[in-house]
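# For reference, the sequence and a predicted model appear below.
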Amino acid sequence: MGLFSFLGKKEKEDLEKGLEKTRESVFSKIARAIAGKTQVDDEILDNLEEILINADVGVETTLRIIERIQHRVARDKYINTSELNRILREEIVDLLEENRPGVIQGFDFEKREYPYVIMVVGVNGVGKTTTIGKLAYRFKQAGKTVLLGAADTFRAAAIDQLKIWGERAGVPVIAQTMGADPAAVAFDTCKSAVANGYDVVIIDTAGRLHNKVNLMNELSKVRKVMQKVIPDAPHEVLLVLDASTGQNAFEQARQFTAATEVNALALTKLDGTAKGGVVIGISDQFKIPVKYIGVGEKIDQLQLFDRKSFVDSLFA
């Protein structure tokens with residue numbers, strides 16, 4: 001299948017440790033479900049279906065995976081249980097690949113005419129501002145100059161929190177006062193980034209969903225004013241989701257993808273949950289690539305999502 005990993009040794013170790021709860025509480029059940037069996041039969045597939053659903057993979061995605069395994073069993077006539085883990089890994093990796101079109105932009109890239117702009121969306125409490133700080137750090141470690149924009153002006157705490165993360169990452173923050181026009185902050189940030197030759201701009205936005213129409217209008221306005229400075233901005237609309245919320249993360253993805261043109265996902269707090277299967281389900285259901293995953297609290301524990309390493313760590 002031409003699979004390869006681009007994670008370093010430390011990143012692989014962080015990933016395995018971060019997925020420990022999911023692996024131990026959920027995916028180890030697969031081994032127990034097939035213990036003593038010699039052939040993949042309907043009983044094993046029923047057990048596997050239940051395990052995947054309990055792992056918050058989601059019903060629709062689980063049924064797709066089971067159907068693909070059934071197809072292979074029928075095609076190959078006989079599959080023993082020792083092969084099931086391998087087949088399950090392959091089918092999940094293939095499923096994730098289908099939902100990741102094209103080449104994913106990494107932290108290191110060629111110098112562009114304009115800054116690379118990321119607009120970050122997501123509800124309060126999912127780790128949105130923390131993710132922005134970690135992103136800024138990773139880009140800076142890759143030799144890029146980064147500018148942050150505090151366009152979540154709905155909460156004073158959001159502005160202060162972004163400034164703190166800016167200090168930790170060693171990158172500047174453009175901010176106004178609470179209640180300022182978010183679009184004006186985004187405009188100022190982009191204008192400053194172009195004038196000073198920054199490589200990356202990351203814009204924080206308000207994390208509220210109580211009125212989807214207002215949210216849509218606000219995010220649309222932010223996009224339009226950025227495009228006055230950088231014509232094709234934002235290049236990335238990144239939705240941050242908390243993996244530990246399981247099915248709630250599905251609902252947030254549904255709301256935000258309806259409100260704006262999300263083209264990348266970040267799943268946070270994988271180290272604190274047994275619901276890591278949500279990564280698979282959300283990627284499949286919304287056909288949006290998971291680009292980043294958070295596997296720890298430290299500033300360097302945000303990773304580019306490597307589908308093969310992720311699946312291997314689940315079954316390790």
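Alright, I've got the coordinates.
# Show the contacting residues for T38.
With contact taken as CB atoms under 8 Å, 6 or more residues apart in numbering, T38 is in contact with N80, T81. Placement of C-beta: from N, CA and C, glycine included.
# Reduced to three states, what does it come out as?
Under DSSP: H, G, I helix; E, B strand; the rest coil, T38 falls in the coil class.
# Please report how far it lies from S82.
Here T38 is placed at a distance of 9 Å from S82 (CB to CB, to the nearest Å).
# which secondary structure element contains H71?
H71 belongs to helix 59-76 when elements are defined using DSSP states H and E.
# Counting by contacts, list what that helix packs against.
Other elements packing on helix 59-76 under the criterion 3 or more CB pairs under 8 Å, 6 or more residues apart in numbering; DSSP states H and E are helix 42-54, helix 84-98, helix 278-286.
# ok and the longest one relative to helix 42-54, angle-wise?
It refers to helix 84-98. Orientation note: helix 84-98 sits at an angle of 50 degrees relative to helix 42-54 (axes from the mean of the first three to the mean of the last three CA atoms, to 10 degrees).
# Mind listing what's buried along helix 84-98?
Buried residues in helix 84-98, defined by neighbour count with 16 or more other CB atoms under 10 Å: L84, I87, L88, R89, E90, E91, I92, V93, L95, L96, E97.
# I65 is in contact with V59, isn't it?
No - contact criterion CB atoms under 8 Å: I65 and V59 do not qualify, at 11.0 Å.
# Which one's more surrounded, the two?
I65 (23 against 12; other CB atoms under 10 Å).
# The more buried one: what's it in contact with?
Neighbour list for I65: L52, V57, L88, E91, I92, L95 [criterion: CB under 8 Å, 6+ apart].
# same thing with D108?
Counting by CB under 8 Å, 6+ apart, D108 touches A142, G143, K144.
# Report the contact partners of the last one.
Contacts of K144 were listed using CB under 8 Å, 6+ apart, and they are F107, D108, F109, D199, V200.
# Quick check: the last one touching P115?
Right, V200. Yes - at 6.0 Å, V200 and P115 qualify as touching, with contact defined as CB under 8 Å.
# Spatially central, which residue of this protein would that be?
A266 (2.0 Å; CA atoms, centre = their mean).
# How about it, nearest residue that isn't a chain neighbour?
Nearest residue to A266 in three dimensions, chain neighbours excluded: Y292, at 4.0 Å (CB to CB, 6 or more residues apart in numbering).
# Could you pull out the helices in the chain for me?
Defined through DSSP state H, the helices belonging to the chain, from first to last, are 9-18, 20-22, 28-33, 42-54, 59-76, 84-98, 128-141, 156-169, 182-195, 212-229, 247-259, 278-286, 307-315.
# As TSV, those with mean pLDDT and distance to T205 would be great.
Putting the helices of the chain into TSV (pLDDT from 0 to 100; distance: least, CB to CB, whole Å) gives the following:
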stretch	mean pLDDT	distance to T205
helix 9-18	87	26
helix 20-22	86	29
helix 28-33	78	39
helix 42-54	90	33
helix 59-76	90	28
helix 84-98	87	27
helix 128-141	96	8
helix 156-169	94	10
helix 182-195	97	6
helix 212-229	87	6
helix 247-259	87	10
helix 278-286	90	19
helix 307-315	86	27
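# L270: which of those is closest?
Closest to L270 of those is helix 9-18 (CB to CB; 5.0 Å).
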